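Novice: output the structure for:
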Amino acid sequence: MNVFNANRGFDMGVFGWIKSQVFGNGVSKPAAQVALTENAVYNIARSGTLGHVESMLSQHPQWANEVLDCAILHDRWSLIYIASKHGAVIDSPSLLCRAMQHGDIETAIALAECGSPIPDKLEGLIADVCGRTSRSDLQCRLLKAIFDRHDVNSIDYERLVAEFQSNCGLRDVSAMLHEFGYDFTKTGSISVVYFLHRCILSLYEGELCDLMTWGQEIDFEHPHFDNPLESHQVIKWKILQEKSRAERMIIERTAANIAQALMNESLVPSEDAPQRKRRM
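Specialist: Next up is the predicted model:
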């Protein structure tokens, strides 16, 4: 063994010296200097582990957009976050639009959370994506990502109801809109016939009562509702029961609010104030 080289081994560290003896000095290049082909990038993005893709992009960030394309094409939504972290540009709403249309909610969430432009006319897209999954946690996460950057009151609620005519999930989505600050009192009147048809199709979930208590105006005058088929009489009765229930809740809430206001002014004792009934 060359004594000079052996002494160098102690200077560079034992493992460094062993590596130099096995591979030779200067033979092992840093990974960043190794050229990658487009085909190799797609293979890694399509079948490599998340850690492998992360490592590749940390050394070759210029391939971030290609990884993004592959992630969407092969339904590897977790890679969208990695690609975005390393500079992938999502500059068109078309990717988010397509993911929502196809009901690919996890891809849609990743795109929205990574800054995708928000498409216009969201009502149909919301019905497409939320009507295809029963997971309200994913629905809520997607809508939050959208409405963190988009005015929730830009939604045309009547159009949203129409888009949900063949889908379940309207009640959950309506509740999320309410939670995000949607003002139902400023929406135009919605015909009861929408809810009649949802009942007929077994899609009605009790949303009518919710909407009325949130201030949504419902027009109960429509020929199909006034004179329904004999087989739909029970459905009409059910809707009228929902209407009565909502009206009672509004009256009770109004009375409780008035009593609370008076109590705050010390005009009535607290034990005389009516209590709000807890909704089951």
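Novice: tell me how far stretch 126-145 lies from the chain's centre.
Specialist: 5 Å (Cα atoms, centre = their mean, to the nearest Å).
Novice: in that stretch, what's buried?
Specialist: Buried residues in stretch 126-145, counted by 16 or more other Cβ atoms under 10 Å: 126-131, 133, 138-143, 145. Every C-beta, even on glycine, is put in place using the N, C-alpha and C of the backbone.
Novice: give me the contacts around it.
Specialist: Surrounding stretch 126-145, the residues in contact under the criterion Cβ atoms under 8 Å, 6 or more residues apart in numbering are 99-106, 108-109, 112-113, 155, 160, 163-164, 166-169, 172-173, 176-177, 180.
Novice: where does the stretch 151-280 of the chain dip in pLDDT?
Specialist: By pLDDT under 70, the low-scoring segments of the stretch 151-280 of the chain are 267-280.
Novice: hmm, 50 instead?
Specialist: For the stretch 151-280 of the chain, residues meeting the criterion pLDDT under 50 lie at 280.
Novice: tell me where it has helices.
Specialist: Here the stretch 151-280 of the chain has its helices, by DSSP state H, counting those that start in this stretch, at 157-163, 170-179, 193-200, 207-213, 223-226, 233-264.
Novice: what is the fourth one packed up against?
Specialist: Just to be clear, that refers to helix 207-213. In this structure, helix 207-213 makes packing contacts with helix 170-179, strand 218-219, helix 233-264, judged by 3 or more Cβ pairs under 8 Å, 6 or more residues apart in numbering; DSSP states H and E.
Novice: ok, now the second one?
Specialist: For helix 170-179, the helices and strands in contact under the criterion 3+ Cβ pairs under 8 Å, 6+ apart are helix 122-130, helix 136-147, helix 157-163, helix 207-213.
Novice: the helices and strands packed on helix 207-213: which one's closest to residue 207?
Specialist: The stretch from the helices and strands packed on helix 207-213 with the least distance to residue 207 (Cβ to Cβ) is helix 170-179; that distance is 4.0 Å.
Novice: run a quick neighbour tally on the nearest residue to residue 36 once chain neighbours are set aside.
Specialist: Among residues not flanking residue 36 along the chain, residue 60 sits closest, at 5.6 Å (Cβ to Cβ, 6 or more residues apart in numbering). Burial of residue 60 is recorded as 20 neighbouring residues (other Cβ atoms under 10 Å).
Novice: distance of residue 60 from residue 87?
Specialist: Spatial separation of residue 60 from residue 87 under the definition Cβ to Cβ, to the nearest Å is 11 Å.
Novice: can I get the helices and strands packed on helix 207-213 in TSV including mean neighbour count and distance to residue 40?
Specialist: Below are the helices and strands packed on helix 207-213 laid out as TSV (neighbours: other Cβ atoms under 10 Å; distance: least, Cβ to Cβ, whole Å):
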stretch	mean neighbour count	distance to residue 40
helix 170-179	20	43
strand 218-219	15	59
helix 233-264	14	60
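Novice: between these, which one is nearest to residue 210?
Specialist: Each of these was checked against residue 210 via Cβ to Cβ, and the shortest separation belongs to helix 170-179, namely 6.3 Å.
Novice: now the closest one and helix 193-200, what's the angle there?
Specialist: Here helix 170-179 points in a direction 140 degrees away from that of helix 193-200 (axes from the mean of the first three to the mean of the last three Cα atoms, to 10 degrees).
Novice: compute the inter-axis angle for helix 170-179 and helix 122-130.
Specialist: Angle, helix 170-179 to helix 122-130, by the same axes, to 10 degrees: 120 degrees.
Novice: can you put the helices and strands packed on helix 170-179 in TSV and add distance to residue 248?
Specialist: Rendered in TSV, the data for these read as follows (distance: least, Cβ to Cβ, whole Å):
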stretch	distance to residue 248
helix 122-130	30
helix 136-147	27
helix 157-163	24
helix 207-213	10
